[in-house]
Every structure is written in C-alpha cells, then in structure tokens.
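Trainee: After the sequence you'll find the predicted model.
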Amino acid sequence: MTARVPRQSGIGVPLFSLTSSRSWGIGEFADLPAFGSWCAAAGQRYVQLLPLNEISPGETSPYSSMTAMALDPIYIRVADVPDYQALGGNAVLSDAQRAVLAAVRTAARVRYADVRALKTHCLAAAFARFRAEELAHDTARAQAFRAYAARESWWLDAYTTFRAIHAAEQERAWWDWPPGLAYADAEALRQANVTFADARIHYAYLQWIAEGQWQAARAAAGVRVFGDLPFMVSGDSPDVWARKDEFMLDATVGVPPDAFSETGQDWGLPP
C-alpha cells in the first residue's frame, strides 16, 4: 500500500521585497528568518526565492544574472558584518550618506543604484579593516576566509579576476578589453592577477560574507527554502569570459511570439 503524502504549500517571493526595519532599502539575507517564521505560523512549509545571483551593472531584474555562481552583495546586511561593527558601524557614513540611507529606507520602490553605492562604500571600508586587522595577523577569521577561497577556487578565481579587470576597464564588456585580457592570454592574466591582487581578495571577501549570511539565514528560516535560476548568464560575464568554448556566442536565447509579444523576445543571452 502506498503511503499517503500530505499536501504542502509555500510562498514564492523575491528576496528584495522582504524589507524590514533593519534592512537598507532592500530585502536582505538576514530578513529571511523573520519571513520564514511568519510563513511557518501560517501553516506554510516552503519559501521559494527568486534568483540571488549577482546581477549585471545597471540591471535590476534578478533574472539578469552576471554569473551563475556569485551571490549578489546587495543582499548583505552590512550592520551584521563584524568588520563594519569594529569600525563603529554607521560612523563610516558621511552626513550625506546618512540622508541617502534614510531615503532608501522609506522609498516605495528599491532604489538599486543608491543602495548599491551605500553598501559598496561600507563593505569597502569593512574589507580594508579585515585586510589590516585579520589577514595581516592570520587570525581565525582570516583562516576561515582562506579556507573558503580555497574551497571555492574552481569558480571564484575566474570570477574575482573578471570583476577586478571589469572595474579597471570602467565596466566595459570583456570583448572591448585589450585582446590579451579579453581572450585570457596566459601572460596577460598573470600580470593582471599581480596588478589586481588586492581587488581580487576584496571580491572574494564579499562572496565569503554573502555566503555566510545566506547559509545562516537558510538555517534559521524555520521552513524549507529553495530557489529559482536566471534564464541564462549575461554574455558579459565571468562564466562566458572564462569558458567561451561552452557558449554559443553567435546565438541568443529568447522566446517565440506568444500572448505577451507578437514578435517574440530576444533576451540577448548566449546559450
């Protein structure tokens, strides 16, 4: 006799919608447990989140992914980062930045550019403290970070190199970089990794912080959490740049004509 499986239900929600009194104008990893507890109290067993992948500069859709691997640092709760706390927390912010923080917290919509600028500034200050006080003294946190970087090196190395070069090239697409960097010439990459060594550690630090907060949020959610995938990754991505042979660069993904579009849609993403 087949055992009867009880019916279960859950709620699908984008993380950016789960804003709280502690978040900075966007739902953050640390907002998930409170929402999960509310769902559990309502008899729900699951929460499905939209993609959490890092999105490309200037994009706002969680489906416009820069990469299939990295989490988006915009979801980090800055106030919970130990290095930010050690700097005095919001003492890092100027008066003008405090005004922006107050504005994004009361805005009716997510002000992505302002939120990202604030968090980028604060997390850069946190990283500078981590480098000077933790990495330089090989503390327990430094060792935990190095263990994370070694474990995730199979994707993190290419990601951090790409992000560092991308920033140095004024966020131009990789195919507009100097040819040696664009097509991953071994000597050009060796020099880039030396030149951008500190930037690469910075991007790895952001992923380490994001991963820690994400795993802690999942563990404390009180419900089962599962996610969604972006349609595909951007052509201007570390995934495509590092693995060009795995993508069709002369084709793009989309959908044929349907009820939403008489002409169909071309998403511009390489299969």
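Mentor: Now that the structure is in, tell me what you want to look at. Numbering: from 1, shown residues only.
Trainee: The nearest residue to residue 230 once chain neighbours are set aside - how many residues pack around it?
Mentor: Spatial nearest neighbour of residue 230, chain neighbours left out: residue 65 (3.5 Å); criterion: CB to CB, 6 or more residues apart in numbering. Bear in mind the C-beta positions are built from the backbone N, C-alpha and C, glycine included. By the criterion of other CB atoms under 10 Å, residue 65 has 26 neighbours.
Trainee: Residue 65 reaches residue 53, doesn't it?
Mentor: Yes - the pair residue 65 / residue 53 is scored as a contact, 4.1 Å apart, by CB atoms under 8 Å.
Trainee: Now do the shared contacts for the two.
Mentor: Taking CB atoms under 8 Å, 6 or more residues apart in numbering as the contact rule, residue 65 and residue 53 both touch residue 230.
Trainee: Now residue 193: closest residue in space that isn't a chain neighbour?
Mentor: Going by CB to CB, 6+ apart, residue 193 has residue 161 as its nearest residue, at 6.2 Å.
Trainee: helix or strand for the one you found, which one?
Mentor: helix 153-168 (DSSP states H and E).
Trainee: Which is the succeeding secondary structure element to that helix?
Mentor: Next along the chain after helix 153-168, taking DSSP H and E as the criterion, comes helix 179-182.
Trainee: Distance from the chain centre to that following helix, please.
Mentor: 25 Å (CA atoms, centre = their mean, to the nearest Å).
Trainee: got it, and stretch 167-179?
Mentor: Worked out by CA atoms, centre = their mean, stretch 167-179 lies 20 Å from the chain centre.
Trainee: if I look at residue 11, how far off is residue 52?
Mentor: According to CB to CB, to the nearest Å, residue 11 and residue 52 sit 16 Å apart.
Trainee: Have a look at these two and say which one is more surrounded.
Mentor: Each of residue 11 and residue 52 has its neighbours counted (other CB under 10 Å); residue 52 has more, 22 against 16.
Trainee: Give me the spatial nearest neighbour of that one, chain neighbours excluded.
Mentor: Spatial nearest neighbour of residue 52, chain neighbours left out: residue 71 (5.5 Å); criterion: CB to CB, 6+ apart.
Trainee: For that neighbour, give me its contacts.
Mentor: By CB under 8 Å, 6+ apart, the contact set of residue 71 is 52-54, 207, 210-211, 214.
Trainee: Can you flag the buried ones in those residues?
Mentor: Among those, those scoring as buried are 52-54, 207, 210, 214 (criterion: 16 or more other CB atoms under 10 Å).
Trainee: any idea which of those residues is the one closest to residue 121?
Mentor: Distances from residue 121 to these, taken as CB to CB, are shortest for residue 210 (16.6 Å).
Trainee: Now that closest one: closest residue in space, sequence neighbours ignored.
Mentor: Counting by CB to CB, 6+ apart, residue 210 lies nearest to residue 71, which is 4.1 Å off, once chain neighbours are set aside.
Trainee: How about residue 30?
Mentor: Spatial nearest neighbour of residue 30, chain neighbours left out: residue 77 (4.1 Å); criterion: CB to CB, 6+ apart.
Trainee: In this structure the one you found contacts residue 27, no?
Mentor: No - here residue 77 does not reach residue 27: they are 10.2 Å apart, not a contact under CB under 8 Å.
Trainee: sorry, back to before: pLDDT value on the residue nearest to residue 230, please?
Mentor: For residue 65, the model assigns a pLDDT of 89.
Trainee: For it, which residues are in contact?
Mentor: Contacts of residue 65 (CB under 8 Å, 6+ apart): 51, 53-56, 230-234, 237.
Trainee: Among these, which are located in helices?
Mentor: Using DSSP state H, no member of the contacts of residue 65 falls within helices.
Trainee: Only the buried subset of the residues you listed, as a PyMOL command please.
Mentor: Per 16+ other CB under 10 Å, the buried members of the contacts of residue 65 correspond to this PyMOL selection:
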select buried, resi 51+53+54+55+56+230+232+233+234+237
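Trainee: Now tabulate the contacts of residue 65 in TSV and tack on pLDDT.
Mentor: Listed next are those as TSV, based on pLDDT from 0 to 100:
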residue	pLDDT
51	94
53	95
54	95
55	91
56	84
230	81
231	79
232	86
233	90
234	91
237	94
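Trainee: from the contacts of residue 65, which single one is nearest residue 137?
Mentor: Here the nearest of these to residue 137, counting by CB to CB, is residue 54; it sits at 29.8 Å.
Trainee: Appreciated, that's everything.
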